[in-house]
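[1] Sequence first, then the predicted structure, then my questions.
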Amino acid sequence: MTMSPAWYLRRLSAMGPREIGGRAGDAVRRRRWRSARPDCPTGTGAPFTAVLPAGTLAAIAPDAAKRLVAEADRLMYGHAEYFGVVRDDLVDPDWWSDPKTGRRAPWGYAFDVPYRDEDAVGDIKQIWEPSRHQYLTVLAAAYAITGDERYAERVADHLRSWWAANPPLRGVHWISGIELGIRLISWVWVRRLLDGWPGAAALFEDNPVAVNQIWHHQRWLAGFPSRGSSANNHVIAETAGQFAAACAFAWFPSSQKWRTDALRSLERQLRSNTFLSGLNRELATEYHGLVLELGLAAVAEADAAGVPVPATVRLVLLRMTDALAAVVDSGLRPPRQGDADDGHGLIVDGPGTDRWGSLLATGDAVFGRLDWWPTVTATDVRTPLLAALVKAGAAKGITRPTSRPDHFADAGMTILRDTGETGEVWARCDGGPHGFLSIAAHAHADALSLEVRHDGVDVLADPGTYCYHGQPEWRQYFRSTLGHNTLQLDDSDQSVSGGPFLWTRHARTRVLAVETSGEAAARWSAEHEGYEGAVHRRRVELAPGGAELTVVDEVTVTDRAVRLAFHLGPAVTAELTDDRAVLTWSRDGEERSAVLDLPGQLSWRAHRGETNPPLGWYSAGFGRKEPSTTLVGTGFTDGTEGFTTVLRFRG
């Protein structure tokens, strides 16, 4: 995907004067760095001292260690999977090759590489992901746990290979700051986990090539920060990586300045990216997880190095952890909202480890759990490692919620939940802002959308994200209004897209009423004005016991074409007869069912796995999609009578 001149004009219009000035300075710096690359300060790094405290590895649960070592063994055979693409080439990887398209990124000055053009470069996510080196932290952790030097030697071979193939400012891996920031965090943890290996110092602090790479990574991050309308999760990754490296690899004349500047930026950006309620402002749940992981990793480095951290940093991370504990369902799954690209801040666990349970376990170890938190029984490797470095204890004088929050007014998120004879019914109602900053890069056109689960199974599902670059028709579908459980007017999205990460007009939404306390039905209502000359208003009511959920949609104009969509989870089958759908699914071998009575004023059809145009799909993770059933009702508004949908769960 290449960007047109019109896109550049739209993107420019989303910037303020300060951002434009900063980007102009970046352009000048790129031209200057093309021919004037300074050398890293001479000498070698000082001894590495940010090691794990004695006894840390003994705290790792045996089952978590077993999962990790199994994954490390798979990696030793060269096997891995990135975004749905199974690879067997990681014994000797080609760092610039995309196995999905078969293309290889071109060589040259980094800022000349057209990384958005899949025809020229390949799928950039497939190329970038292995070079975050998070599989190397898994191998290094396997060495730390087992003492088997095969893992350490493989890590060393791959780092030397990567450093040789990717000299500073050359090629595709020197384009994006988030990649450099996460890579630095990985290198810090690789060095820490290899500390008992005799070759660790020769690989890092006594290796001029490694020292040069670490210096140039930090210089790059200091020179090209994400700015203005792009200061989302990317800037958190950049500053967290810069800070971590400046703490653990404090080898250079600029290290103290880099550390001070990065910490100042990290504190400011964590506050900017997080609502006071603790939810991430991008309203994209996976980025909530990414930012929380990055923040915890940064605090771990600060405490390991004895660097004081502003109290606001720990406060934001505490609030984010409490918010996560509040919104998860009975299976510890959070909402599927906004973009998701499977991004992690630090990986030292094998597959099967519950990411969200791991974060809550870390929150318990670092901040202390509250009585209303859900119970976490699963184990992980990362929690004892982080807990060994981070100073435990909640921020003093901070008031935390005494009961489980269900309405986050600043984020516009409301969780209706009830547990009755049929099991837990969990419903997320979206009445929040369209997205974060002027471009709302990771937002979807999902105002007033609804997500419903029964005992953790997606019944009315958010379809997910699937892709970013290279497949514009799929990117458009998964972020569209029709791609969510809400109402579409005149075949248009509620918000106007100007590109794959750019919205030029944002639907404005406001919550009208929330009632979730007491024994009466839980209720929520909200409206938005995203459609010209019309207001879409939605009411949701969850009956006591959770057996019945009612949705009423109203539109304030007449004779406008309407489509109302309900996306079912991939485990749910539907038998549609007229305006009634019988839904069935299985959980733990037990058959479950529900009846969905749909508005009779609309004509209903079931869609599944359609491609022209896309409709009826579910993406469980980035790069993966599978057919699922979407029920779409079509008709016209009459301006008076609402469209009523009733979902009844059977016992």
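    That came in fine, so what should we check first? Here the structure is a predicted model, which is why all the values come from computation and not from measurement.
[2] How far off centre is the host helix or strand of Thr645?
    For Thr645, the enclosing helix or strand under DSSP states H and E is strand 643-649. A distance of 31 Å separates the C-alpha centroid of strand 643-649 from that of its chain, computed with C-alpha atoms, centre = their mean, to the nearest Å.
[3] same deal with stretch 586-603?
    Mean C-alpha position of stretch 586-603 versus that of the full chain (C-alpha atoms, centre = their mean) differs by 30 Å.
[4] related to what we said a few turns ago, quick one: strands adjacent to the strand holding Thr645?
    Based on DSSP bridges, the strands next to strand 643-649 in the sheet, each with its direction, are strand 548-555 (antiparallel), strand 590-597 (antiparallel).
[5] Counting residues, name the longest helix you see in the protein.
    Ranked by residue count and defined by DSSP state H, the top helix of the chain is helix 285-305.
[6] If you average the pLDDT over that helix, what comes out?
    Computed over helix 285-305, the mean pLDDT rounds to 98.
[7] who are the neighbours in contact with Ser330?
    Pro374, Thr419, Glu424, Trp426, Asp455, Gly456 (C-beta atoms under 8 Å, 6 or more residues apart in numbering). Just so you know, the C-beta spots here come from the backbone N, C-alpha and C atoms, and that holds for glycine as well.
[8] Next up, phi/psi of the closest residue in space to the second one that isn't next to it in sequence, please.
    Here the nearest residue to Thr419 in space, its sequence neighbours aside, is Gly546; by C-beta to C-beta, 6 or more residues apart in numbering that works out to 6.5 Å. When read as degrees, to the nearest 10, the backbone of Gly546 gives phi 80, psi 10.
[9] so who does Gly546 touch?
    Counting by C-beta under 8 Å, 6+ apart, Gly546 makes contact with Arg417, Asp418, Thr419, Gly420, Thr422, Gly423, Glu424, Val425, Phe649.
[10] how about stretch 450-460: buried residues?
    Buried positions in stretch 450-460, judged by neighbour count with 16 or more other C-beta atoms under 10 Å: Leu450, Glu451, Val452, Arg453, His454, Asp455, Val457, Asp458, Val459, Leu460.
[11] What's the end-to-end length of that stretch?
    With C-alpha to C-alpha, to the nearest Å applied, stretch 450-460 spans 7 Å between its terminal residues.
[12] Stretch 217-237 too?
    End-to-end distance of stretch 217-237: 13 Å, with C-alpha to C-alpha as the criterion.
[13] Give the buried residues for it.
    The neighbour-count criterion (16+ other C-beta under 10 Å) identifies 217-222, 224-237 as the buried residues of stretch 217-237.
[14] Keep only those of those that are in helices.
    Judged by DSSP H, the subset of the buried residues of stretch 217-237 located in helices is His217, Gln218, Arg219, Trp220, Leu221, Ala222, Asn233, His234, Val235, Ile236, Ala237.
[15] ok, the third one - contacts?
    It refers to Arg219. Counting by C-beta under 8 Å, 6+ apart, the residues that Arg219 touches are Pro38, Ser254.
[16] and the gap between it and Leu184?
    Using C-beta to C-beta, to the nearest Å, Arg219 is found at 12 Å from Leu184.
[17] Quick check: pLDDT value at Met1.
    pLDDT, Met1: 59.
[18] The stretch 451-600 of the chain: helices as residue ranges?
    Across the stretch 451-600 of the chain, reading from the start of the chain, the helices by DSSP state H, counting those that start in this stretch fall at 472-478.
[19] By mean pLDDT, point me to the weakest helix or strand of the chain.
    With mean pLDDT, DSSP states H and E as the measure, the helix or strand of the chain carrying the lowest mean pLDDT is helix 5-13 (a mean of 85).
[20] I'd assumed Ala620 was in a strand, is it?
    Yes. Remark: Ala620 belongs to a strand, assigned using DSSP: H, G, I helix; E, B strand; the rest coil.
[21] quick one, what contacts it?
    Ala620 makes contact with Gly464, Pro570, Glu626, according to C-beta under 8 Å, 6+ apart.
[22] Which residue is the nearest non-sequential neighbour of Gln249?
    I think there's a mix-up here, since residue 249 is Phe and not Gln. Counting by C-beta to C-beta, 6+ apart, the nearest residue to Phe249 once its immediate chain neighbours are dropped is Ile214, at 5.2 Å.
[23] With Glu19 instead?
    Gly228 (2.9 Å).
[24] still on that earlier bit, so can I have TSV of the ones in helices among the buried residues of stretch 217-237 showing pLDDT and distance to Trp197?
    Rendered in TSV, the data for those read as follows (pLDDT from 0 to 100; distance: C-beta to C-beta, whole Å):
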residue	pLDDT	distance to Trp197
His217	98	22
Gln218	97	24
Arg219	96	28
Trp220	97	28
Leu221	98	28
Ala222	96	31
Asn233	95	33
His234	96	33
Val235	97	34
Ile236	98	31
Ala237	98	28
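[25] from those, which two are the most distant?
    Greatest spatial distance in these: Arg219 and Asn233, 22.2 Å, computed using C-beta to C-beta.
[26] thought Trp474 was touching Asn612?
    No. If you go by C-beta atoms under 8 Å, Trp474 and Asn612 don't touch, sitting 11.8 Å apart.
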